[in-house]
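Asks: sequence isn't available, so here's the structure alone:
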């Protein structure tokens, strides 16, 4: 008969505490999304929509919106890091990591589809696809965040679906309302209800 191995009480207690902490991290919503950061993204998107509307060709229009996407990523990363430091919470906690990894696939798919749509000469579909996929990513990432985030994603998806079936001349308006207006609106809601 093999001797019974006794586990010290301290080790069992530490395992229990680790389990409790990990469970609470998974259950806690990600509150690192900065409302002020979302509002800043909305402002830069409105500026981009004004500049893009004045372009004479599609390539220049696309370049402006791609630059805006890059600027938005920088703003989002910086503002989330700043909020995490202010609240002394880890930016890539369990729910934060899940939020980021849930948003990434639809955004990457949007990038790939943009290339395909441009090559196929279907550039009129790009604003609708971008809004729809961004909304999808915001909903999936928002499942680990506060309630306002998935609601914003639903609004983006509805706007994207509408843009797909609207005249091409309205594309820039949809981009302005979505990436500009919705970020401003929901950013203000996040500031008011969830702080910063």
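Replies: Looks like it arrived, so ask away. Everything numeric in this text was worked out from a predicted model, so none of it was measured.
Asks: going by C-alpha atoms from here, please, whenever you check contacts or count neighbours.
Replies: Fine.
Asks: over to residue 56: give its phi and psi.
Replies: The phi and psi torsions at residue 56 (degrees, to the nearest 10) take the values phi -90, psi -20.
Asks: how close does it sit to residue 49?
Replies: 14 Å (CA to CA, to the nearest Å).
Asks: what residues does stretch 166-180 touch?
Replies: 41-46, 49, 52-53, 124, 127-128, 131, 156, 159-160, 163 (CA atoms under 8 Å, 6 or more residues apart in numbering).
Asks: more crowded one of residue 56 and residue 49?
Replies: Taking other CA atoms under 10 Å, residue 56 and residue 49 do not tie; residue 49 has more neighbours (24 against 9).
Asks: residues of the helix or strand hosting that one that come out buried?
Replies: Using DSSP states H and E, residue 49 sits within helix 35-53. Across helix 35-53, burial judged by 16 or more other CA atoms under 10 Å covers 35-46, 48-49, 52-53.
Asks: report the angle between the strand or helix carrying residue 85 and helix 35-53.
Replies: Using DSSP H and E, residue 85 sits within helix 58-87. Between helix 58-87 and helix 35-53, the angle comes out at 170 degrees (axes from the mean of the first three to the mean of the last three CA atoms, to 10 degrees).
Asks: so the most centrally placed residue in the chain is in which element?
Replies: Nearest to the mean C-alpha position of the chain, by CA atoms, centre = their mean, lies residue 138 at 4.8 Å. Residue 138 is located in helix 126-142, with elements delineated by DSSP H and E.
Asks: and the next helix or strand past that helix?
Replies: Counting by DSSP H and E, what follows helix 126-142 is helix 148-164.
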